[in-house]
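K.L.:
Need a 3D model of the following:
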Amino acid sequence: MRGETRRPLAWNGTVSGPVSVTGELTKGQAGNLLVNTRLTIQRAEGEDPVDGLIDLSYNQSAGSIDFEPSYVATRYSRTEFSGRLGLRVAVSVETSNLSEYMQPIGAFTKGHLRCCRLRCSAMDHETQGRRERVDRVPHD
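P.N.:
Modelled structure (predicted):
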């Protein structure tokens with residue numbers, strides 16, 4: 001697991017929480033690693049504060065990263081997610097500023113989304129009606 005992004009994120013927050021790591025060291029090599037953490041993100045001073053909860057587990061033998069219900073919230077958006085990376089991750093995004101997501105997407109994906117469906121919904125404030133569309137997004 002790498003704890004860095006390709007570019008720094010614009011949000012300001014302080015991350016804290018327990019991290020549990022178990023595994024085996026054999027001839028200087030780590031094996032059968034299990035990592036569990038429940039990280040809290042607290043808003044920090046600055047222009048773009050962020051808060052949230054990241055509850056995840058990593059199992060090296062299974063090659064899996066699982067998210068229990070987690071969220072990240074900024075001034076304009078809230079993203080909730082849970083599931084297993086590479087299998088199925090449910091993501092819910094509420095935002096009043098979609099451009100807020102372009103920078104972190106680029107930081108983690110070099111601008112390439114690896115998904116096949118994007119469900120967008122918006123509230124029409126004039127009619128109070130909800131519009132929804134499903135777009136196909138090509139994957140690599």
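
K.L.:
And stretch 56-64, what's buried?
P.N.:
When neighbours are counted by 16 or more other Cβ atoms under 10 Å, the buried residues of stretch 56-64 are found to be 56, 57, 58. C-beta here means a position set from N, CA and C on the backbone, and glycine is covered the same way.

K.L.:
surely the last one meets residue 33?
P.N.:
Yes - counting by Cβ atoms under 8 Å, a contact exists between residue 58 and residue 33, whose distance comes to 6.9 Å.

K.L.:
where does the nearest residue to residue 38 once chain neighbours are set aside land on pLDDT?
P.N.:
Distances taken as Cβ to Cβ, 6 or more residues apart in numbering put residue 55 closest to residue 38, at 4.8 Å, once the chain neighbours are dropped. Here the pLDDT value assigned to residue 55 is 98.

K.L.:
Residue 108 too?
P.N.:
On pLDDT, residue 108 comes in at 53.

K.L.:
Check residue 11 too.
P.N.:
80.

K.L.:
do residue 98 as well
P.N.:
73.

K.L.:
one step back: partners of the helix or strand harbouring the residue nearest to residue 38 in the sheet?
P.N.:
Assigned by DSSP states H and E, residue 55 belongs to strand 50-59. With DSSP bridges as the test, strand 50-59 is paired with strand 29-43 (antiparallel), strand 64-74 (antiparallel).
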